[in-house]
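> Curious how this folds, go ahead:
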Amino acid sequence: MTDSQSTPWHATELLTGGWQVAEIDTSVAHTARMYDYYLGGRDNYEVDRDAAEQALAIYPHIRALARENRAYLGRAVRFLAAQGIRQFLDIGTGIPSPGNTTESAREVAPDARVVYVDNDPIVMAHASALLAEHDPAHTSVVYGDLRDPRSILEDPRVRAVLDFDQPIAVLLVAVLHFIQDTERPAEIVRELMDAVVPGSYLAFSHATADGQSETAREAAQTYDRATARLILRSKAQITPFFAGLELVEPGLVALPWWQPDHEVTADPEQNWGYAAVAIKPAR
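Predicted coordinates:
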């Protein structure tokens, strides 16, 4: 997106049901658009690029983290589809780009159904193009906020695509590190997983400073001026998010080591983020 396109606008009458979302604020860096920039995308503004470059100047590994996280998403979704999962609830999806949940799931299961949830107007606008390419009965985009999980779970547009009497994969990929401790992240995960049946899965990734120098935390502080602060949690702080769930192999590990499908060349001590997939067991 060029700077000439930086004029605020409203995304209205999207294919999700005719709702109107808030005006896009181009004066504040947005985490989803910064992530798009790290991935080499064009759907970002000057304010996002400036903030991302400030973070990269302090901690260049952020770009590698973004790419590893995108690769993990694809592996996790393909794994879940291979386990028979045909329904995906992707919360905090970010700007749709190649390797998104729909593309990855349908490599294995062409009949997969996906609901994307995000709270950024620009994500919703780009998602309308995604919806135009797919049957709306199988792919939908909902404007919602992870901090209010009940509103997501009760949204009729979610229920129109996903059958909550059948297993669902809940995807929280690179989003919980934007939920502050005071916003009860573990309770949010519990509420989401309480709403799905046994045999459902949680796919999860989260940035960390474990094993990193102080520069990782300095880079995270650049997000203090963005739309959400970045919280770097340790493995011990992340583990409670899986209460009541059973981790699948290889457990909670550094991003590149979650069931890699190619030779991993990264230093195993360069742990920029954790990833895991867990199943909700039968009681």
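> Look up which residues are beta-bridged to the most centrally placed residue in the chain.
Geometric centre of the chain, nearest residue: V173, 3.5 Å, by CA atoms, centre = their mean. Per DSSP bridges, the residues bridged to V173 are S205.
> which helices and strands sit right next to the strand or helix carrying D36?
In this assignment (DSSP states H and E), D36 forms part of helix 31-38. Secondary structure elements in contact with helix 31-38, counted by 3 or more CB pairs under 8 Å, 6 or more residues apart in numbering; DSSP states H and E, are helix 46-58, helix 61-82, helix 121-132. Every C-beta, even on glycine, is put in place using the N, C-alpha and C of the backbone.
> export these to JSON lines and tack on mean pLDDT and mean neighbour count?
Below are these laid out as JSON lines (pLDDT from 0 to 100; neighbours: other CB atoms under 10 Å):
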{"stretch": "helix 46-58", "mean pLDDT": "88", "mean neighbour count": "18"}
{"stretch": "helix 61-82", "mean pLDDT": "90", "mean neighbour count": "21"}
{"stretch": "helix 121-132", "mean pLDDT": "70", "mean neighbour count": "20"}
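> Put together CSV for those helices, with distance to A112 on each row.
Shown next, in CSV, are these (distance: least, CB to CB, whole Å):
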stretch, distance to A112
helix 46-58, 31
helix 61-82, 6
helix 121-132, 14
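> Of all those helices, which one is nearest E154?
Smallest distance to E154 across the helices and strands packed on helix 31-38 (CB to CB): 19.0 Å, for helix 121-132.
> The residue nearest to the centre of the chain touches S205, doesn't it?
Yes - using CB atoms under 8 Å, V173 is in contact with S205, at 5.0 Å.
> Now for those two: what residues contact both?
Counting by CB atoms under 8 Å, 6 or more residues apart in numbering, the contacts common to V173 and S205 are 69, 72-73.
> Dihedrals phi and psi, the nearest residue to D118 once chain neighbours are set aside?
Distances taken as CB to CB, 6 or more residues apart in numbering place T93 nearest to D118, at 5.1 Å, with adjacent residues excluded. Note on T93: its backbone torsions stand at phi -60, psi -30 [degrees, to the nearest 10].
> what does the one 5 residues further on give?
When quoted as degrees, to the nearest 10, the phi and psi of P98 stand at phi -50, psi 140.
> burial count for it?
9 (other CB atoms under 10 Å).
> now it: how far from S104?
From P98 across to S104, the span is 10 Å (CB to CB, to the nearest Å).
> Now the common contact residues for the two.
Contacts common to P98 and S104, judged by CB under 8 Å, 6+ apart, are absent.
> picking that back up, then the helix holding D36 to CSV, C-alphas only?
Provided in CSV are the C-alpha atoms of helix 31-38 (Å, rounded to 0.1, in the frame of the first residue of the first chain):
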residue,chain,number,x,y,z
THR,A,31,0.6,-4.5,15.1
ALA,A,32,-1.1,-6.4,12.2
ARG,A,33,0.3,-4.0,9.7
MET,A,34,3.8,-4.1,11.3
TYR,A,35,3.6,-7.9,11.0
ASP,A,36,2.7,-7.6,7.3
TYR,A,37,5.7,-5.4,6.8
TYR,A,38,8.0,-7.9,8.5
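> Measure how buried V28 is and give me the count.
12.
> that's a strand at it, yeah?
No - counting by DSSP: H, G, I helix; E, B strand; the rest coil, V28 falls outside a strand, being coil.
> related to what we said a few turns ago, pLDDT averaged over the helix holding D36 - what is it?
The predicted model gives helix 31-38 an average pLDDT of 82.
> mind listing the strands for the chain?
87-91, 113-118, 139-143, 169-173, 201-207, 246-247, 253-254, 273-279 (DSSP state E).
> ok, of those, where does mean pLDDT dip lowest?
strand 139-143 (a mean of 87).
> what's the angle from that one to strand 87-91?
30 degrees (axes from the mean of the first three to the mean of the last three CA atoms, to 10 degrees).
> ok, the residue nearest to D118 - contacts?
T93 neighbours (CB under 8 Å, 6+ apart): 100-101, 116-118, 123, 127, 171.
> how does it look with 7 Å?
By CB atoms under 7 Å, 6 or more residues apart in numbering, T93 lies in contact with 116-118, 123.
> Filter the residues you listed down to the buried ones and express that as a PyMOL selection.
To isolate the buried subset of those in PyMOL, counting by 16 or more other CB atoms under 10 Å, use the following:
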select buried, resi 116+117+118+123
